[in-house]
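[1] Take this sequence and fold it.
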Amino acid sequence: MIRLRKSADRGHFDHGWLNTCHTFSFAGYHDPKHMGMGALRVINEDRVQPGEGFGTHSHQDMEIISYVMEGALSHRDSMGNASVILPGEVQRMTAGTGVAHSEFNHSHNEQVHFFQIWILPEFKGLRPGYEQTSIPLEEKKGKLRLVASRDGRNGSVTINRDVNLYVALLEPGEEVVHRQAATRKAWLQVARGKVLLNGQVLEVGDGAAVSDEDLLEIKGQDSAEVLLFDVA
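    From the prediction side, this is the model:
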C-alpha cells in the first residue's frame, strides 16, 4: 500500500528569514493524522535566508539528521563542535541527555536549503554525540546510497535506531529498486524533480508512506533526488 502525502498538504510557514515545510506535525503545525511514521518523527524542509538562522536552543532524546541540498549550514553545539555542512554532507547529532546548539546560514549572499530529520532513539538518556560525513556525488548517481544506519555500515553516519536512510540521484528514465521486508515500512521523500514510485507520480516535495509492498521501484521522470527511509 502506498499513501501519498502531497507537498501542498504539508504544514507551511514563511517567517521571512525562514521558509519551512513540515511533513509531520511540528512546533505550531499539528495534524493528528500526520504525527510521523514509527520512529521517524520529523521531516522538515527548510530554506534560510543569508546570514539568518536558529539561535541556541536545546534538544533531548532525539537523533537529529541534517542533509544540505544547497548552500552551507553553520553548526555549533554545547559538545564543542563547530562545523559547516555543505551539499551532499550528512550530519548526525544524538541529543540524548541534552544538547544545546545553533544553526545558521553560513553565507551572507545565498540561502541555504536543507532537510532536518528527527528519529526517536531506542533508549532515552543516551550520551550526546556528533558525526558528520561527506557522500561522494558519484555514489548517489543511479543508486540508493546508504547515508544513515544503526550500525554505520558503508560509511553511513550511525543512528541509535533501526532505521536506514538512503539517498539517490536519478536522471530521466533511470530506476532504482529497494526490496522491503514484510515487517518494515518505508517513507519516500522527493527532494528534487519528479519520480514514479511503483507507477505513481511523486513531484518535488511529495512524500509517500509504503507498507506491505515487497518491492519499491523508483524511476526518475526528470533529474531527481530522493530520500528513502526504511523503518523497522
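
[2] how far does the helix or strand harbouring residue 147 sit from the chain's center?
    Residue 147 is part of strand 145-149, with elements assigned from DSSP states H and E. Relative to its chain's centre, strand 145-149 lies at 11 Å (Cα atoms, centre = their mean, to the nearest Å).

[3] what does stretch 149-160 give?
    The answer for stretch 149-160 is 15 Å, by Cα atoms, centre = their mean.

[4] Also stretch 159-171?
    That offset, for stretch 159-171, works out to 8 Å (Cα atoms, centre = their mean).

[5] Number the residues from 14 up from this point.
    Sounds good: first residue 14 from here, last item stretch 172-184.

[6] How about it, which residues are buried there?
    For stretch 172-184, the buried set under the neighbour-count rule, 16 or more other Cβ atoms under 10 Å, comprises 172-183. For every residue, glycine as well, the C-beta is placed using N, CA and C.

[7] Just confirm residue 26 contacts residue 58, I think it does.
    No. With contact defined as Cβ atoms under 8 Å, residue 26 does not count as touching residue 58 (11.4 Å).

[8] who's more crowded, those two?
    residue 58 (21 against 13; other Cβ atoms under 10 Å).

[9] Which stretches in this structure count as helices?
    Along the chain, no stretch is classed among the helices by DSSP state H.

[10] Pull up the overlap in contacts between residue 26 and residue 58.
    In terms of Cβ atoms under 8 Å, 6 or more residues apart in numbering, residue 26 and residue 58 are both contacted by the residues residue 33.

[11] which residues does the spatially closest residue to residue 80 that is not a sequence neighbour contact?
    Nearest residue to residue 80, sequence neighbours excluded (Cβ to Cβ, 6 or more residues apart in numbering): residue 128, at 4.7 Å. Neighbour list for residue 128: 56-59, 78-80, 82, 202, 204, 240 [criterion: Cβ under 8 Å, 6+ apart].

[12] Just flag the most distant two among the buried residues of stretch 172-184.
    Pairwise distances across these peak at 30.0 Å for 173 and 183 (criterion: Cβ to Cβ).

[13] Tell me the confidence at the residue nearest to residue 80?
    Residue 128 is assigned 98 on the pLDDT scale.

[14] repeat for residue 194
    Residue 194 is given a pLDDT of 94.

[15] Over to residue 237?
    Listed pLDDT for residue 237 reads 98.

[16] Run through the bridge partners of it.
    With DSSP bridges as the criterion, residue 237 is bridged to residue 183.

[17] thought it was touching residue 210?
    No. Under the criterion of Cβ under 8 Å, residue 237 makes no contact with residue 210, lying 11.0 Å away.

[18] which parts of stretch 207-219 are buried?
    207-208, 210, 215, 217-219.

[19] ok, back up a step: would you mark the buried spots in the strand holding residue 160?
    Residues 158-162 are the ones in strand 158-162 that count as buried (16+ other Cβ under 10 Å).

[20] Next: stretch 99-108.
    Going by 16+ other Cβ under 10 Å, stretch 99-108 has these buried residues: 100-108.

[21] can you list the domain ranges for this protein.
    Structural domains annotated on the chain: 23-147, 150-244, as defined by automatic domain parsing.

[22] Point out the one among those domains that comes closest to residue 16.
    domain 150-244 (4.5 Å).

[23] how far away is residue 139 from residue 40?
    23 Å (Cβ to Cβ, to the nearest Å).

[24] which one of those two has more residues nearby?
    Higher neighbour count among residue 139 and residue 40: residue 139, with 17 against 11, using other Cβ under 10 Å.
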